[in-house]
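Undergrad: below are the sequence and a predicted model for it; my questions follow.
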Protein chains: 2
Amino acid sequence: MSRFLSDNYKSLVPYVPGEQANVKVIKLNTNESPFAPSPKVKEVLSEQVIDNLNRYSDPELKELTAAIANRFGVTPDMVFCGNGSDDVLAFAIMGFCGKGGKLCCPEISYGFYPVYADIFGVELEQIPLKDDFSIDINDYINKGKNIVIANPNAPTGLALSYDDVEKIVSSNPDNLVIMDEAYMAFCGKSCMELVKKYSNLLVTRTFSKSHSLAGLRVGFGIAQKEIIEDLNKLKFSFNPYNLNTLSIKAAAAAIADNEYYDAKIAEIVEIRDKTQKQLEALGFRCTDSKANFIFASSDKIPAAKLYEELRKRNILIRYFKKAKIDNYLRITVGSAEEMQVFTDAVAQIMEENK
Amino acid sequence: MSRFLSDNYKSLVPYVPGEQANVKVIKLNTNESPFAPSPKVKEVLSEQVIDNLNRYSDPELKELTAAIANRFGVTPDMVFCGNGSDDVLAFAIMGFCGKGGKLCCPEISYGFYPVYADIFGVELEQIPLKDDFSIDINDYINKGKNIVIANPNAPTGLALSYDDVEKIVSSNPDNLVIMDEAYMAFCGKSCMELVKKYSNLLVTRTFSKSHSLAGLRVGFGIAQKEIIEDLNKLKFSFNPYNLNTLSIKAAAAAIADNEYYDAKIAEIVEIRDKTQKQLEALGFRCTDSKANFIFASSDKIPAAKLYEELRKRNILIRYFKKAKIDNYLRITVGSAEEMQVFTDAVAQIMEENK
């Protein structure tokens, strides 16, 4: 630490991203898609576009917000795009909670929420899950605080129903409810329709999971236009050109290619369900995950041990050394071939450690 | 504005970027390079790299920090990369000035400094320039506040000498001095060497001007490693994956291609000096600009009028409606052909408005 860092940030503990691998591994630890992005992405990243990189990108992101608005049946002034959905969440928590403001989230959820609360000086209440890892929506009804919930939740994979989300949103009209739908594409019914009805709802999404573009860094939020205006006010006061031209063009092409992604998403869901059955046959308990990962535990082998043994075999999964989930593992759904190597390795490790 | 925006930000006035053109224009208004980026950029943005975008970018940016460190003769732990240098400046002012902290800058300078001060709750002193638009370094000696200076300054184009920068840095050992060298590549002697000697100096740079990559959004800061650690702490608490894979690869390739960029920079300087002489022949006063733009004024035509007349001819330059400089125009140096069209148009407009 330098002598110059502001007192506000001296005790800040940053987020720790999942490990990036240097050697050839089966990488099932950061919920990436195993598939390449849509071929349309390559098409739009033409030599001409690259040669024009001497010109600034469009700070208003018109091409991309129009494509997203078109895909989700909203108007472009209801769309805010960020440099990854982390960027959207950061601006939202900065802007709507603010220093001394109040926010609550599930105790077990995306590990970045407490970091945002810390950096922006927000008072965070972390609400315990039920014993089965589900969210008790009664904890969030008439809460009187801003709320952020990942739906489906991570790392549990469990989803709230559309009706339950509406109950939370409608009972907190004077506070912002952020539904982080990073994994919703694998799931079912998004609450995105509700933004038309409720002025206090912000739904965030990412291209990193369902759209095979984690390396491109694009996410977005959908809400009524006053919320979007506020987010833009912060963006234009922090980093107006927050997306580069390549990201804008590639993401706009990707979001329009439903055919490609619908097929890939269906394939991931199928591989997830098959892998989950294989793990259950090996004696694992798995949550009813609606995301592109599996959350699993076994009484036959400690999660930390299995994590280490898989690591030795160059298979990376995610282990959270955290109370209540420290005997669970989060396994990203890879390709069918990768998951077969994974389940074979698990079976072998279980056999060796009987 | 929504009902939910924090009181901290209700009066925030965002930065207004230079206009992005939709129709075919001669664009001399945002200090972009008129040249395409190095051909090496196209080479590294291969189909394989695009197909691998399903994987997260490296949050530690090892490839890019190594390339920058190599180029400037520092170690990688002395390099912080941002999503544009705006990102670097934002984290620096957030982290080192902090809410209630103190910062000073020249009164006429990059218009974003007051916006950063506003968003982060920093008390900003804007110090007037001398009548000839130069910075009086005595104003910054033993200042006892954090300092940010664009060198060369914008929109004046005037540069501080290496020795003057050292006097400022050495006389403020307990405060951070940020030297924003966005335009230094066109100029001469960077103060980057001084970071090895002074722990309170942060030098920022961008790929947007000299490296023809405004649309890629990459900037960086160079300082002693404790400063870089602090900037990374903030980044990993805000947006760990702040650069995408394409930006990382393209910027690393560009920074290594000295031969290409040295030639382009020399060409821009030559065009700048020639255009400046042409304007002077038309009766303009120009500052001794060391950047890739010209700052010019004439008693024969009001700047606002000339700006509008050029605009009608689809030539965009920048006019700042701001006290002390409201009869000046900032003209980005374009290609030789573009500047000929520009000076011909200026001559014609002057003739018509005699």
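TA: The structure has been received and is ready for your questions.
Undergrad: list the contacts for residue A:68?
TA: For residue A:68, the contact set (Cβ atoms under 8 Å, 6 or more residues apart in numbering or on different chains) comprises A:76, A:79, A:81, A:220, A:222, A:255. From N, CA and C alone the C-beta is placed, and that goes for glycine too.
Undergrad: most surrounded residue in those residues?
TA: Within these, most neighbours by other Cβ atoms under 10 Å in any protein chain shown means residue A:81, with 29 neighbours.
Undergrad: what residues does the stretch 251-354 of chain A have near chain B?
TA: For the stretch 251-354 of chain A, no residue is in contact with chain B (Cβ under 8 Å from any Cβ of the partner chain).
Undergrad: how about the helices in the stretch 251-354 of chain A?
TA: With helices called from DSSP state H, counting those that start in this stretch, the stretch 251-354 of chain A shows them at A:258-281, A:303-312, A:336-352.
Undergrad: for the shortest one, give me every contacting residue.
TA: I take that to be helix A:303-312. Contacts of helix A:303-312 (Cβ under 8 Å, 6+ apart): A:297-298, A:316-317, A:319, A:321, A:326-329, A:342, A:345-346, A:349, A:353.
Undergrad: 6 Å instead?
TA: Applying Cβ atoms under 6 Å, 6 or more residues apart in numbering or on different chains, the set of residues contacting helix A:303-312 from outside is A:317, A:319, A:327, A:328, A:329, A:349.
Undergrad: how about the helices in chain A?
TA: Here chain A has its helices, by DSSP state H, at A:39-44, A:47-51, A:62-72, A:85-92, A:112-119, A:162-170, A:225-235, A:245-256, A:258-281, A:303-312, A:336-352.
Undergrad: make TSV from those and add mean pLDDT to it.
TA: Formatted as TSV, the helices of chain A follow (pLDDT from 0 to 100):
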stretch	mean pLDDT
helix A:39-44	97
helix A:47-51	96
helix A:62-72	97
helix A:85-92	96
helix A:112-119	95
helix A:162-170	98
helix A:225-235	95
helix A:245-256	98
helix A:258-281	98
helix A:303-312	97
helix A:336-352	97
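Undergrad: what's the most buried one of those helices?
TA: Most buried of the helices of chain A by mean neighbour count (mean count of other Cβ atoms under 10 Å in any protein chain shown) is helix A:85-92; its value is a mean of 27.
Undergrad: and the angle for that one with helix A:225-235?
TA: Counting by axes from the mean of the first three to the mean of the last three Cα atoms, to 10 degrees, helix A:85-92 points 100 degrees away from the direction of helix A:225-235.
Undergrad: for residue A:24, what are its contacts?
TA: Contacts of residue A:24 (Cβ under 6 Å, 6+ apart): none.
Undergrad: show me which residues of the stretch 1-150 of chain A are close to chain B?
TA: Contact residues (Cβ under 6 Å from any Cβ of the partner chain) of the stretch 1-150 of chain A with chain B: A:2, A:4-6, A:8-9, A:12, A:14-15, A:17, A:20, A:30, A:32-33, A:36-37, A:42, A:47, A:50-51, A:53-59, A:83-84, A:86-87, A:90, A:95-96, A:98, A:115, A:119.
Undergrad: quick check on the residues you listed: which are buried?
TA: Among the residues of the stretch 1-150 of chain A next to chain B, those buried by neighbour count (16 or more other Cβ atoms under 10 Å in any protein chain shown) are A:2, A:4-6, A:8-9, A:12, A:14-15, A:17, A:20, A:30, A:32-33, A:36-37, A:42, A:50-51, A:53-59, A:83-84, A:86-87, A:90, A:95-96, A:98, A:115, A:119.
Undergrad: separation between the residue nearest the centre of chain A and residue A:110?
TA: Centroid check for chain A by Cα atoms, centre = their mean gives residue A:182 as the closest residue, at 3.5 Å. Going from residue A:182 to residue A:110 by Cβ to Cβ, to the nearest Å gives 8 Å.
Undergrad: ditto for residue A:45
TA: Residue A:45 is 30 Å from residue A:110, by Cβ to Cβ.
Undergrad: and what of residue A:89?
TA: 8 Å.
Undergrad: repeat for residue A:196
TA: Residue A:196 is 26 Å from residue A:110, by Cβ to Cβ.
Undergrad: quick one: which of the two has more around it?
TA: For residue A:196 versus residue A:110, the count of surrounding residues by other Cβ under 10 Å is larger for residue A:110: 22 against 14.
Undergrad: need the pLDDT of that one.
TA: Looking at residue A:110, its pLDDT is 96.
Undergrad: excluding residues flanking it in the chain, which one is nearest it?
TA: Nearest residue to residue A:110 in three dimensions, chain neighbours excluded: residue A:150, at 5.0 Å (Cβ to Cβ, 6 or more residues apart in numbering or on different chains).
Undergrad: the one you found: how many residues sit nearby?
TA: Neighbours around residue A:150, by other Cβ under 10 Å: 28.
Undergrad: quick check: beta-bridge partners of it?
TA: residue A:180 (DSSP bridges).
Undergrad: I figured it hits residue A:109, correct?
TA: Yes: using Cβ atoms under 6 Å, residue A:150 is in contact with residue A:109, at 5.2 Å.
Undergrad: roughly how far is stretch A:191-203 from the heart of the chain?
TA: Relative to its chain's centre, stretch A:191-203 lies at 18 Å (Cα atoms, centre = their mean, to the nearest Å).
Undergrad: quick one: it near chain B?
TA: No: if you take Cβ under 6 Å from any Cβ as the test, stretch A:191-203 misses chain B, and the best it gets is 6.9 Å.
Undergrad: please identify the buried residues of that stretch?
TA: For stretch A:191-203, the neighbour count (16+ other Cβ under 10 Å) marks A:191, A:192, A:194, A:195, A:198, A:199, A:200, A:201, A:202, A:203 as buried.
Undergrad: contacts for it, please.
TA: With Cβ under 6 Å, 6+ apart, stretch A:191-203 has contacts from A:72, A:92, A:162, A:165-166, A:169, A:173, A:176-179, A:181, A:221-224, A:227.
Undergrad: before we move on, what about stretch A:248-258?
TA: A:37-38, A:40-41, A:44, A:63-64, A:67-68, A:71, A:207, A:211, A:216, A:218.
Undergrad: re earlier: and the gap between the residue nearest to residue A:110 and residue A:198?
TA: From residue A:150 to residue A:198 the distance is 19 Å (Cβ to Cβ).
Undergrad: cool, residue A:239 as well?
TA: Where residue A:198 is concerned, residue A:239 sits at a distance of 29 Å (Cβ to Cβ).
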